[in-house]
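Chemist: have a look; sequence and predicted model below, questions after that.
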Amino acid sequence: MSKVWKWILSRRRTLPKYEEAKEEFEKIIGRPSIRLVIELPPELDNYKDEFMSLEKDAEFNKAVKGFVETYLKKMISESQKTEAKDLRQDEDV
């Protein structure tokens with residue numbers, strides 16, 4: 001039985017169990033997503049408030065999504081190049 005059903009059927013619905021069930025439900029039904037913990041660099045301790053506001057900053061989120069897209073495309077491209085190179089080497093042998 002999944003964590004979602006266990007939580008729904010249980011009499012004791014605690015917040016941690018709810019969060020677990022919610023995460024599992026989102027993994028099954030929702031779009032794939034990841035959560036990252038990014039720490040404020042020590043040399044920028046004076047900018048704690050600005051750093052904390054980035055979480056809700058639409059422009060920052062758009063920039064991070066753009067970075068992820070670019071990074072994944074680069075990884076996929078490099079992976080395909082490596083696979084093609086390996087195939088060519090196998091053919092040469």
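Modeler: Good, I have the coordinates.
Chemist: next, the residue most central in space within the chain: secondary structure please.
Modeler: The C-alpha lying nearest the average C-alpha coordinate of the chain belongs to Ile34 (CA atoms, centre = their mean; 1.7 Å). Of the three states, Ile34 takes coil according to DSSP: H, G, I helix; E, B strand; the rest coil.
Chemist: what are the phi and psi values for it?
Modeler: Note on Ile34: its backbone torsions stand at phi -130, psi 160 [degrees, to the nearest 10].
Chemist: now the helices for the chain?
Modeler: 3-9, 15-29, 48-53, 58-92 (DSSP state H).
Chemist: who does the longest one touch, helix- and strand-wise?
Modeler: Translated: helix 58-92. Contacting helix 58-92 under the criterion 3 or more CB pairs under 8 Å, 6 or more residues apart in numbering; DSSP states H and E is no other helix or strand. Any C-beta I mention is one placed from the backbone N, CA and C, and that applies to glycine too.
Chemist: so how far is it from its chain's centroid?
Modeler: In terms of CA atoms, centre = their mean, to the nearest Å, the centre of helix 58-92 is found 17 Å from the chain centre.
Chemist: try the third one
Modeler: Here the centre of mass of C-alpha atoms in helix 48-53, compared against the chain's by CA atoms, centre = their mean, lies 21 Å away.
Chemist: mean confidence score for that helix?
Modeler: Across helix 48-53, the average pLDDT comes to 96.
Chemist: and the last one, by the same measure?
Modeler: Per-residue pLDDT values over helix 58-92 give a mean of 89.
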